[in-house]
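Novice: Structure here, sequence nowhere to be found:
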């Protein structure tokens, strides 16, 4: 509830010229007003969570920990509005992104049964009670390489990663960029660079792992190949939910491969799974049809 409108509002605010955004907010359209009211509605949801959160020793969730935090210098708590802003991020994070990634994991397993076969082989020697152990799943080379490849080809968030050039400016490939300039890069083209990833639109776990006997081991790849893969963003502004997302994807991919033999429905085709921009944000991609 409100999340699609909120994401669209933030996209318009971030990418649209301020005067046009200001005018758009004043258009007497019920649809537009729902979009622009979403920010306040999300904050109201956050207020309810904030008011019910514990402090001190009882703090055992994100909101309670935020509420209990004290600045090490001033010993003051964060402002209420600041915490509510964090709540909006917590409420929206991972809503579309993980589900899109899971969709393409299932699609890849259905289209190429070799992926399921190799994942099942890795899981075969693991006791049943350990098959959902995250540390065990993180140590499986082929499973992790498969997920890495799905995120490379079908990353849900290929939007721009904007950064500001430091005041002194910088040089990039012989070109001087003045301080204060906003620069950006995005994973969509990097993940499709044939110099880094030959046949870039093909999911190939073997880019990251090598066959050793009956099993797989991590392959030593060039640093630029690792650097070119960033479906969760880069640097201190990278996705804070990455560890949770990776856990979910490991559990889903291993369970699907182990439990089911997937095949695409007749209505699920390459065309229906073609990437399109999500209506909620230009930063997301979705399949063109459900």
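Specialist: Perfect, thanks for sending it. Treat the numbers as computed from the prediction; the structure is a model and nothing was measured.

Novice: From residue 208, how far out is the nearest residue to residue 214 once chain neighbours are set aside?
Specialist: Spatial nearest neighbour of residue 214, excluding adjacent residues (Cβ to Cβ, 6 or more residues apart in numbering): residue 121 at 7.6 Å. Yep, even glycine has a C-beta here, placed from its N, CA and C like the rest. Remark: distance between residue 121 and residue 208 (Cβ to Cβ, to the nearest Å) = 17 Å.

Novice: Check which helices and strands whichever helix or strand the residue nearest to residue 214 is part of is in contact with.
Specialist: Secondary structure assigned from DSSP states H and E places residue 121 in helix 113-124. Here helix 113-124 touches helix 97-111, helix 141-154, strand 215-218, helix 242-259, going by 3 or more Cβ pairs under 8 Å, 6 or more residues apart in numbering; DSSP states H and E.

Novice: One more pass at 6 Å, please.
Specialist: Packing partners of helix 113-124 (3 or more Cβ pairs under 6 Å, 6 or more residues apart in numbering; DSSP states H and E): helix 141-154, helix 242-259.

Novice: So for residue 128, which of those helices sits nearest?
Specialist: helix 242-259 (10.1 Å; Cβ to Cβ).

Novice: In that closest one, which of the residues would be classed as buried?
Specialist: Applying a neighbour-count criterion of 16 or more other Cβ atoms under 10 Å, one finds 245-246, 248-250, 252-254, 256-257 buried in helix 242-259.

Novice: just stretch 134-148 next, same as before
Specialist: Those would be 137, 140-148, for stretch 134-148 by 16+ other Cβ under 10 Å.

Novice: again, but for stretch 263-273
Specialist: Neighbour counts over stretch 263-273 (16+ other Cβ under 10 Å) mark 268, 273 as buried.

Novice: pLDDT averaged over it - what is it?
Specialist: What stretch 263-273 shows for mean pLDDT is 92.

Novice: just stretch 27-46 next, same as before
Specialist: Rounded mean pLDDT across stretch 27-46 is 87.

Novice: and what of stretch 136-143?
Specialist: Stretch 136-143 comes out at a mean pLDDT of 97.

Novice: same thing with stretch 175-183?
Specialist: Here the average pLDDT along stretch 175-183 is 94.

Novice: still on that earlier bit, neighbour-wise, which of residue 121 and residue 208 wins?
Specialist: Neighbour comparison, residue 121 and residue 208: the larger count goes to residue 208, with 21 against 14 (by other Cβ atoms under 10 Å).

Novice: Contact partners for the more buried one?
Specialist: 145, 148, 219 (Cβ atoms under 6 Å, 6 or more residues apart in numbering).

Novice: same check, this time on residue 140
Specialist: residue 122.

Novice: what's the distance between it and residue 133?
Specialist: Taking Cβ to Cβ, one finds residue 140 at 11 Å from residue 133.

Novice: go on, residue 252?
Specialist: Applying Cβ to Cβ to residue 252 and residue 133 gives a distance of 15 Å.

Novice: can you check residue 52 too?
Specialist: Taking Cβ to Cβ as the measure, residue 52 falls 33 Å from residue 133.

Novice: out of those two, which sits in the busier spot?
Specialist: The residue with more neighbours, out of residue 52 and residue 133, is residue 133; 12 against 9, by other Cβ under 10 Å.

Novice: Let me know the pLDDT of that one.
Specialist: 95.

Novice: Equivalent analysis for residue 284, please.
Specialist: For residue 284, the predicted pLDDT is 55.

Novice: Please apply the same query to residue 186.
Specialist: 85.

Novice: Check residue 92 too.
Specialist: pLDDT, residue 92: 68.

Novice: What is the neighbour count of residue 276?
Specialist: 11.

Novice: so it sits in a helix?
Specialist: No: counting by DSSP: H, G, I helix; E, B strand; the rest coil, one finds residue 276 to be strand, located in no helix.

Novice: Lowest-confidence member of the buried residues of helix 242-259, which is it?
Specialist: Within these, pLDDT is lowest for residue 245, at 90.

Novice: Return the residues in contact with that residue.
Specialist: Residue 245 neighbours (Cβ under 6 Å, 6+ apart): residue 98.

Novice: Any figure for the gap between it and residue 194?
Specialist: For residue 245 relative to residue 194 (Cβ to Cβ), the value is 27 Å.

Novice: Per-residue pLDDT of residue 156, please?
Specialist: 88.
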